[in-house]
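Undergrad: with the input below, show me the fold.
(one chain, ligands or ions: 1)
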Amino acid sequence: MMTPLLAGNWKMNCVRGEAIALAQAIADGSTDVVGREVLIAPSFTCLAAVSEVLADSNVLLAAQDLYWEDSGAFTGQISAAMIRDTGAGHVIIGHSERRALFGETEYTVAKKVQAAYAAGLTPILCVGETREQREAEKTMDVVERQLRGGLCEAAAECFDTLIVAYEPVWAIGTGLTATPEQAEHVHGHIRTVLATLADHGVEENIRILYGGSVKPDNIDSLMACPNVDGALVGGASLKAEDFLRIVHYQE
Ligand code: 13P
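TA: Have a look, this model is predicted:
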């Protein structure tokens, strides 16, 4: 059995004091969690401070992006080693907001996935279709292209730790959630594609998270889907009470 992962992507929210308070509340509310993992992804500037808060907790820490070069003249960029240095062990890569707003491509996603592994960070690779693509019945093609593109440089052992997040763009921040049936359908397809990339059987242990307007009132039904192994939560992860309800789904 895979350990479900409940992850909060804080996006561009929280200055340091707010981040510390939110992280503390989540750590305090997660002490009783067994059989599932909890992760939060604050902004770069809060990683070190939040890392200290989480030091004695069972909450994991992630960055929201990275740059693939080790060091050098890349003004404004953050390397995998810099992220490791904060204490974070995971990194979100290829979020649709980065693809849509900041020119992320299959090529840059692949470079970032490779850099994450090289530095010992676990990537959370995001894929998902736009509303137009869904209406044109391109969902499966889009997701497959993003997976194959993002993982084209990944060595076999990378699939032992890889985490994938299916985040339909039309469901992010809109209050529209994929139905459990829609999520399950795409997650099943993602696992089928992963089976063609990973060594035999390894795809069965890759966690596929659902993201897109996950809330306290829909987490239980989403987590009931056999191929939904966790959630990547945006807006609702900024309120400790809501996120902790999501962490404690079906309890
Ligand atoms: P929302 O939960 O706000 O829709 O955001 C989802 C998301 O983008 C998580 O990465």
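Undergrad: tell me the contacts of the residue of the chain found nearest the ligand?
TA: Nearest residue of the chain to the ligand (C-beta to the nearest ligand atom) works out as residue 234 at 2.2 Å. Any C-beta I mention is one placed from the backbone N, CA and C, and that applies to glycine too. Residues in contact with residue 234 (C-beta atoms under 8 Å, 6 or more residues apart in numbering) are 8, 9, 11, 172, 173, 211, 213, 214.
Undergrad: mind checking which of those are in strands?
TA: Cross-referencing the contacts of residue 234 against strands under DSSP state E gives 8, 9, 211.
Undergrad: can you put those residues in TSV and add pLDDT and neighbour count?
TA: Shown next, in TSV, are the ones in strands among the contacts of residue 234 (pLDDT from 0 to 100; neighbours: other C-beta atoms under 10 Å):
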residue	pLDDT	neighbour count
8	98	29
9	98	26
211	98	27
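Undergrad: tell me where this structure has strands.
TA: 5-9, 37-41, 59-63, 90-93, 122-127, 163-166, 207-211, 230-233.
Undergrad: mind putting those strands into JSON lines with distance to residue 156?
TA: Formatted as JSON lines, the strands of the chain follow (distance: least, C-beta to C-beta, whole Å):
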{"stretch": "strand 5-9", "distance to residue 156": "22"}
{"stretch": "strand 37-41", "distance to residue 156": "24"}
{"stretch": "strand 59-63", "distance to residue 156": "23"}
{"stretch": "strand 90-93", "distance to residue 156": "19"}
{"stretch": "strand 122-127", "distance to residue 156": "15"}
{"stretch": "strand 163-166", "distance to residue 156": "16"}
{"stretch": "strand 207-211", "distance to residue 156": "18"}
{"stretch": "strand 230-233", "distance to residue 156": "23"}
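Undergrad: flag every residue of the stretch 51-200 of the chain that's near the ligand.
TA: 95, 167, 172, 173 (C-beta under 6 Å from any ligand atom).
Undergrad: just the buried ones from these?
TA: 95, 167, 172 (16 or more other C-beta atoms under 10 Å).
Undergrad: if I look at the closest residue to the first one other than its chain neighbours, how far off is residue 31?
TA: Once its chain neighbours are removed from consideration, residue 95 has its nearest residue in residue 126; the separation is 4.7 Å (C-beta to C-beta, 6 or more residues apart in numbering). As for residue 126, its distance to residue 31 is 29 Å (criterion: C-beta to C-beta, to the nearest Å).
Undergrad: who has more neighbours, these two?
TA: residue 126 (27 against 10; other C-beta atoms under 10 Å).
Undergrad: my guess is that one meets residue 165, correct?
TA: Yes - between residue 126 and residue 165 there is a contact under C-beta atoms under 8 Å: 4.6 Å.
Undergrad: need the overlap of contacts for the two.
TA: 92, 211, 232.
Undergrad: which residues does the last one contact?
TA: This points to residue 232. Neighbours of residue 232 in contact, by C-beta under 8 Å, 6+ apart: 7, 9, 92, 124, 126, 165, 167, 209, 210, 211, 214.
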